[in-house]
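> dropping the sequence and predicted coords here.
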Amino acid sequence: MSLSDPQAAAQRAAELRQLLEHHNYCYYVLDAPEVPDAEFDRLFRELQAIERDHPQLLTADSPTQRVGGEAQRAFAEVLHELPMLSLANAFDDQEVYDFDRRIRERLAVEGLIYTAEPKMDGLAVSLLYREGRLVRAATRGDGTTGEDVTHNARTITVLPAALSGSGWPALLEVRGEVYMTHAGLADLNRRQLQRGERPFANPRNAAAGSLRQKDPRVSAERPLTLFCYGVGKVEGGPLPDSHFAILEQLRQWGLPVSPEARRVEGAEGCLAYYRELGGRRAALPYDIDGVVYKLDLLAQQEVMGFVSRAPRWAVAHKFPAQEEMTRLNDIIVNVSRTGRLTPVARLEPISVGGVTVSQASLHNQDEIERKGLLIGDTVIVRRAGDVIPEVVGVVESLRPADAHPFVFPSHCPECGSEVVRLDGEVDYRCTGGLFCPAQRKEAIRHFASRRAMDIEGLGEKLVDQLVEGGHITTVADIYRLAADQLAALPRMAEKSAANLLAAIERSRDTTLPRFLHALGIPNVGEATAQALARHFGTLEAISNASLEALQQVPDVGPVVAESIHLFFAEAHNRQVMEQLIAAGVQWPAIEVAPREAQPLAGMSVVLTGTLSSMGRDEAKERLEALGAKVASSVSKKTALVIAGSDAGSKLAKAEQLGVPVLDEATFLERLEAGWPAVEAAESE
DNA sequence: GATCCTCGAGTTCT
DNA sequence: CTCGAGGATC
């Protein structure tokens, strides 16, 4: 976006420079960026475009002419003999083709080989080894001058104090990226919160903040790690003649190098790598913001040379932004099955990581206050590793004059009942109970859901229609629905009505745990329902159990026992249950499988990733049939992890804790074989 | 009383 | 997946 009117262009350029300076300062010096990287890039490119169209506006001190960043004063300055440059960016395929074409034209060589590697979202450092010993570590700073962080860097466990092997040059400057894994950040943030300190918004901030600690003991507690990606100054010793071979060499000297680095051919090879790694991005245990392509042969790199701020032989191909800015148009309140009121941000629709986001949960009142959100603010929205959008924070400098705070309603927006916030609880609750249409609808949906009674076709839309049309008020009414009632509904032809009735019919045959779960007793989910069924055997026994008797069940303490007791004491609930049973809802009597048939008895197993041969539920059932307890998170008590494809943080955690991991093929083999006892006892 | 582990509940969009 | 909180364990 450039301007044709020179005066307007000059004004905009000045504006942009000031903004970029400001953001650079926030990012590098305060270590607290105000805007997402994508926004910074956009401003940067806008300025570049203006300067390109109006060369007279180009000044030597323009942010486009510098690498960006000022060294913080707390540490001794280090002058980089060879500047640590930044990389040109590419945001789409075309720019990668252009990059490759420029090199082919200049070198007059076809089929160029590149090294492709992930671009870590961390902090660039320079590591100086003299006679194979680490003598200095420095941050990149502005590229020319950085900070001496030797003491802190020495606390990074994967960074060798002395190189192993032999043949290293007398002086070797290694360059790398210090970063933090997701697990490491989560761990650190947990400790931050425990100490009443602010958690870090992302791994890069955490890594940067940790490396710049004044006290190395603090750095030492931070889970910093490192990948080396190249060399700087080298004296007294030859190095291989290609980038990829240098990485191999660094690895042999004991330096950590990304296992993802590959040689690829041409722009097509680069793009294939980009897509492949992009597909696995969410499953990687650390954040990457793109992929870097470097011309592999050093001789060719030398011919290409540099432009003012970046080498011409390398480019960073960025992934679509995972963070964007948008306007917080409003905050509405959602009423859940349990009566909890959840504030939801209504956002000006914005594409984040390729998906349009228009709302995001704000969880609770405290969260809104902690983030300091006002309606009308510009906020930063993120889709972190997973899928769920999240409001990360506010850009206070863009707050409009009419921005106003959100006031939690005193009455339920659905039913008008009073809203209360119990002592010590984070949440506000609607006191309307099943009188509240929102809670009633959610209760019915929960009853019909896949993991409960599994009535296929009875989803959100239909439940709304049925409740609003007065066809059902309690879950028991589901079994009284007739074909002619359904036929009266809009968008409900004969065929779908028949399908729904058949699904309802099928759901009559169920199991006691499913039925208990479906009732929606507060604090009783799938696992507790199963434990109750196993312990008591019959609905009768559970509904008449005393508080003391209930607490005999594993995982049931005073709070859950109270919930259950209260539920069954309610006449209305008993009536609905009787009606359900009268309508033909039934389940087989519980029988306990003989222990000897259960090779996995007492073992806690965790499933992660996607299994190709069966659904998660089936895998769970088969494991449970062998006596295993299928848990959802990995801890040191976990006996076994079964990892499908695209396994994420749970696999990383398992490896970290040394929990044995099975891949899908091995898992299937053992299932086939009835899980021979030898394997169950194996510990590696 | 503190700490670890697990469960429940809510989470967006296609 | 992530949070908060209940339960178990030391």
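Yep, that arrived. Numbering: from 1, shown residues only, chains lettered A, B, ... in the order given.

> every contact and neighbour count from this point should use C-alpha atoms.
Will do.

> point me to the residue of chain A nearest DNA strand C.
Relative to DNA strand C, the nearest point of chain A is residue A:557 (2.9 Å; Cα to the nearest atom of the strand).

> name the nearest residue to that residue, ignoring sequence neighbours.
residue A:551 (5.3 Å; Cα to Cα, 6 or more residues apart in numbering).

> dihedrals phi and psi, that neighbour?
phi -70, psi -10 (degrees, to the nearest 10).

> and the pLDDT at it?
What the model reports as pLDDT for residue A:551 is 91.

> repeat for residue A:421
For residue A:421, pLDDT reads 79.

> and it, what is it in contact with?
Applying Cα atoms under 8 Å, 6 or more residues apart in numbering, one finds that residue A:421 lies in contact with A:427-429.

> just the ones in strands from those residues, please.
Within those, residues falling in strands by DSSP state E are A:428-429.

> so which of the contacts of residue A:421 wins on neighbours?
Within the contacts of residue A:421, neighbour counts (other Cα atoms under 10 Å) peak at residue A:429, which reaches 24 neighbours.

> how far away is that residue from residue A:412?
Using Cα to Cα, to the nearest Å, we find residue A:429 at a distance of 8 Å from residue A:412.

> anything in contact with each of these two?
residue A:419.

> which residues of the stretch 451-600 of chain A fall in helices?
In the stretch 451-600 of chain A, helices defined by DSSP state H, counting those that start in this stretch lie at A:460-468, A:483-487, A:494-507, A:512-519, A:526-536, A:539-543, A:547-550, A:558-569, A:571-582, listed in chain order.

> what parts of the stretch 101-250 of chain A come near DNA strand B?
Counting by Cα under 7 Å from any atom of the strand, no residue of the stretch 101-250 of chain A lies close to DNA strand B.

> just the helices in the stretch 101-250 of chain A please.
For the stretch 101-250 of chain A, applying DSSP H, counting those that start in this stretch gives helices covering A:150-153, A:182-194, A:203-211, A:216-221, A:243-252.

> turn those into JSON lines, columns for distance to residue A:527 and mean pLDDT.
Below are these laid out as JSON lines (distance: least, Cα to Cα, whole Å; pLDDT from 0 to 100):
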{"stretch": "helix A:150-153", "distance to residue A:527": "45", "mean pLDDT": "88"}
{"stretch": "helix A:182-194", "distance to residue A:527": "26", "mean pLDDT": "76"}
{"stretch": "helix A:203-211", "distance to residue A:527": "34", "mean pLDDT": "78"}
{"stretch": "helix A:216-221", "distance to residue A:527": "36", "mean pLDDT": "70"}
{"stretch": "helix A:243-252", "distance to residue A:527": "47", "mean pLDDT": "95"}
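
> just to revisit the earlier point, show me what contacts the residue nearest to residue A:557?
Residue A:551 neighbours (Cα under 8 Å, 6+ apart): A:557-558, A:561.

> likewise residue A:636?
Counted by Cα under 8 Å, 6+ apart, residue A:636 has contacts A:657, A:659.

> next: residue A:546.
Neighbour list for residue A:546: residue A:565 [criterion: Cα under 8 Å, 6+ apart].

> pLDDT wise, what is it at?
91.

> quick one, phi psi at it?
When read as degrees, to the nearest 10, the backbone of residue A:546 gives phi -80, psi 170.

> any idea how far it is from residue A:12?
For residue A:546 relative to residue A:12 (Cα to Cα), the value is 74 Å.

> over to residue A:316?
The gap separating residue A:316 from residue A:12 is 27 Å, by Cα to Cα.

> next one: residue A:395
Taken as Cα to Cα, the span from residue A:395 to residue A:12 is 21 Å.

> try residue A:259
Taking Cα to Cα, one finds residue A:259 at 44 Å from residue A:12.

> neighbour count winner among the two?
residue A:12 (17 against 10).

> what's the neighbour count on the nearest residue to residue A:208 once chain neighbours are set aside?
Nearest residue to residue A:208 in three dimensions, chain neighbours excluded: residue A:123, at 6.0 Å (Cα to Cα, 6+ apart). Neighbours of residue A:123 under the rule other Cα under 10 Å: 22.

> before we move on, what about residue A:192?
Residue A:192 - counted by other Cα under 10 Å - has 14 other residues nearby.

> now the residue in the stretch 451-600 of chain A positioned nearest to DNA strand B, what are its backbone angles?
Among the residues of the stretch 451-600 of chain A, residue A:525 lies nearest to DNA strand B; the distance is 3.0 Å by Cα to the nearest atom of the strand. Backbone geometry at residue A:525, expressed as degrees, to the nearest 10, gives phi -110, psi -160.

> OK, contacts around it?
residue A:517.

> next one: residue A:471
By Cα under 8 Å, 6+ apart, residue A:471 lies in contact with A:477, A:481, A:485.

> state the distance from the residue in chain A sticking out farthest from the centre to residue A:571.
The C-alpha centroid of chain A is most remote from residue A:484, which lies 46.9 Å away (Cα atoms, centre = their mean). Here residue A:484 is placed at a distance of 31 Å from residue A:571 (Cα to Cα).

> picking that back up, which of the helices of the stretch 451-600 of chain A has the lowest average pLDDT?
Comparing the helices of the stretch 451-600 of chain A on mean pLDDT, the least confident stretch is helix A:483-487, scoring a mean of 79.

> so what does that one touch, helix or strand wise?
The contact analysis (3 or more Cα pairs under 8 Å, 6 or more residues apart in numbering; DSSP states H and E) places helix A:483-487 against helix A:494-507.

> check which helices and strands the helix it packs on sits against.
By 3+ Cα pairs under 8 Å, 6+ apart, helix A:494-507 packs against helix A:483-487.

> neighbouring contacts of the helix it packs on?
By Cα under 8 Å, 6+ apart, helix A:483-487 touches A:471, A:492-494, A:497-498, A:501.

> 10 Å instead?
Contacting residues not belonging to helix A:483-487 are listed as A:462, A:466, A:469, A:471, A:492-498, A:500-501 [Cα atoms under 10 Å, 6 or more residues apart in numbering].

> what subset of these is buried?
Listed as buried from the contacts of helix A:483-487 are A:462, A:466, A:471, A:497-498, A:500-501; burial here means 16 or more other Cα atoms under 10 Å.

> so what's residue A:14 up against?
Counted by Cα under 10 Å, 6+ apart, residue A:14 has contacts A:8, A:20, A:47, A:57, A:62.

> possible to save those as CSV with pLDDT?
Listed next are the contacts of residue A:14 as CSV, based on pLDDT from 0 to 100:
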residue, pLDDT
A:8, 87
A:20, 83
A:47, 88
A:57, 84
A:62, 76
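
> only whichever of those residues are buried, select them in ChimeraX.
Selection command for ChimeraX covering only the buried members of the contacts of residue A:14, criterion 16+ other Cα under 10 Å:
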select /A:20,47,57,62
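
> looking at the contacts of residue A:14, which one is closest to DNA strand B?
Relative to DNA strand B, the closest of those is residue A:20; by Cα to the nearest atom of the strand it sits at 30.1 Å.

> does the closest one touch residue A:48 like I think?
No. Using Cα atoms under 10 Å, residue A:20 makes no contact with residue A:48, being 11.7 Å away.

> between the two, what contacts are shared?
Contacts common to residue A:20 and residue A:48, judged by Cα under 10 Å, 6+ apart, are A:62-64.

> from those residues, which ones fall inside strands?
Counting by DSSP E, the shared contacts of residue A:20 and residue A:48 contribute nothing to strands.

> near DNA strand C, which of these show up?
Counting by Cα under 7 Å from any atom of the strand, no member of the shared contacts of residue A:20 and residue A:48 is near DNA strand C.

> possible to save those residues as JSON lines with distance to DNA strand B?
Output for the shared contacts of residue A:20 and residue A:48, formatted as JSON lines (distance: Cα to the nearest atom of the strand, whole Å):
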{"residue": "A:62", "distance to DNA strand B": "38"}
{"residue": "A:63", "distance to DNA strand B": "35"}
{"residue": "A:64", "distance to DNA strand B": "35"}
